[in-house]
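S.K.: got a structure for you, letters missing:
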């Protein structure tokens with residue numbers, strides 16, 4: 001039995017290499033906390049909020065793990081008691097009442113107390129006993145249709161219970177392929193950069209040019225002035241690449257070319273050169289038309 005302590009130590013070392021040391025896990029959690037605090041204050045004027053959860057939120061980095069994101073409309077307020085409706089301003093806020101009576105544990109009905117200005121919510125409403133409720137089946141179907149539409153944010157969405165499963169790196173397919181060919185098949189993206197990317201692409205898909213451009217400017221400012229706190233040296237190649245992709249998506253082709261050139265000048269940690277040259281070639285071909 002004398003070998004057990006050594007075996008335990010070996011298992012511990014192996015787990016640290018696989019998911020991260022306790023210090024690394026703690027730092028990842030703190031970085032995510034900071035991201036959420038900063039973005040929450042900014043997102044107040046952007047119409048929706050994002051919350052990250054799951055193993056990635058807890059600081060673990062497992063290749064087989066997914067990234068759980070919850071998005072919600074900031075002007076849609078859910079209450080569990082009618083008296084709480086006085087806490088909100090009508091019609092600026094859409095108030096939804098949770099009804100749990102005569103339902104199994106963990107289930108609820110969402111009753112519309114005030115009209116919604118969101119088309120996907122309005123088209124998901126059904127009438128039951130002269131009251132208006134949100135149908136989760138209809139809303140999920142509308143969201144999947146929206147996400148799969150041409151130019152959608154996450155075109156590979158599939159139904160997963162009450163949620164939708166998607167590859168949030170659909171925009172990074174060339175980068176993933178290049179990395180798999182020459183690297184280890186793993187793209188490490190800083191949380192700040194990923195959230196900015198989601199904001200840019202989401203607002204662009206929604207047709208909100210003002211907010212899309214503001215999010216793009218935020219990402220550009222981050223890349224230009226960050227001292228390594230939020231975008232460390234070993235992820236600057238993929239971060240500049242993402243900025244270029246966002247600029248290209250929003251029609252700023254000159255800016256995209258500059259960002260792709262900056263990506264090429266970084267330490268090639270993610271082996272993106274082939275993907276970067278491919279994107280530069282595509283832009284140049286478009287500009288020469």
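M.R.: Structure's in. What do you need? What you see is a predicted model; the values in this text were computed from it and never measured. Numbering: from 1, shown residues only.
S.K.: Could you pull up the residues touching residue 90?
M.R.: residue 114 (Cβ atoms under 8 Å, 6 or more residues apart in numbering). Any C-beta I mention is one placed from the backbone N, CA and C, and that applies to glycine too.
S.K.: Wasn't it part of a helix?
M.R.: No. Remark: residue 90 does not belong to a helix; assigned using DSSP: H, G, I helix; E, B strand; the rest coil, it is coil.
S.K.: So for it, what's the pLDDT?
M.R.: Listed pLDDT for residue 90 reads 87.
S.K.: What are the buried residues along stretch 244-263?
M.R.: Within stretch 244-263, the residues that qualify as buried are 244-250, 252-253, 255-257, 259-260, 262-263, counting by 16 or more other Cβ atoms under 10 Å.
S.K.: Filter the residues you listed down to the ones in helices?
M.R.: Secondary structure from DSSP state H places 244-249, 253, 255-257, 259-260, 262-263 of the buried residues of stretch 244-263 in helices.
S.K.: What is the nearest of these to residue 196?
M.R.: Taking Cβ to Cβ as the measure, residue 196 sits nearest to residue 246 out of these, at 7.7 Å.
S.K.: Surely that closest one and residue 216 touch.
M.R.: Yes. Contact status for residue 246 versus residue 216: in contact at 5.6 Å, counting by Cβ atoms under 8 Å.
S.K.: ok, and what's touching the helix or strand harbouring residue 49?
M.R.: Assigned by DSSP states H and E, residue 49 belongs to strand 48-53. Residues from elsewhere that reach strand 48-53, judged by Cβ under 8 Å, 6+ apart: 32, 36, 39-40, 43, 67-74, 191, 195, 198, 202.
S.K.: Repeat that for stretch 25-38.
M.R.: With contact meaning Cβ under 8 Å, 6+ apart, stretch 25-38 is reached by 19-20, 51-52, 57-61, 191-192, 195, 230.
S.K.: In TSV: these, plus pLDDT.
M.R.: TSV is the format used below for the contacts of stretch 25-38 (pLDDT from 0 to 100):
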residue	pLDDT
19	77
20	79
51	76
52	75
57	78
58	80
59	79
60	77
61	69
191	77
192	79
195	79
230	83
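S.K.: Could you pick out the buried ones from the residues you listed?
M.R.: The buried subset of these - by 16+ other Cβ under 10 Å - is 19, 20, 52, 57, 59, 60, 191, 192, 195, 230.
S.K.: where in the protein is pLDDT low?
M.R.: 1-7, 41-47, 61-67, 144-170, 182-185 (pLDDT under 70).
S.K.: Looking at it, which helix is longest?
M.R.: For the chain, assigning by DSSP H, the longest helix comes out as helix 22-43.
S.K.: Going by neighbour count, list what's buried in that helix.
M.R.: Per 16+ other Cβ under 10 Å, helix 22-43 contains these buried residues: 25, 28, 31, 32, 35, 36, 39, 43.
S.K.: Can you add distance to residue 132 and give those residues back as CSV?
M.R.: Output for the buried residues of helix 22-43, formatted as CSV (distance: Cβ to Cβ, whole Å):
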residue, distance to residue 132
25, 45
28, 43
31, 42
32, 37
35, 36
36, 33
39, 32
43, 28
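S.K.: Out of the residues you listed, the closest to residue 14 would be?
M.R.: residue 25 (15.1 Å).
S.K.: Where does the closest residue to residue 131 other than its chain neighbours sit: helix, strand or coil?
M.R.: Setting aside the residues directly before and after it, residue 131 is nearest to residue 111 in space (Cβ to Cβ, 6 or more residues apart in numbering), at 6.0 Å. Following three-state DSSP, residue 111 is assigned to strand.
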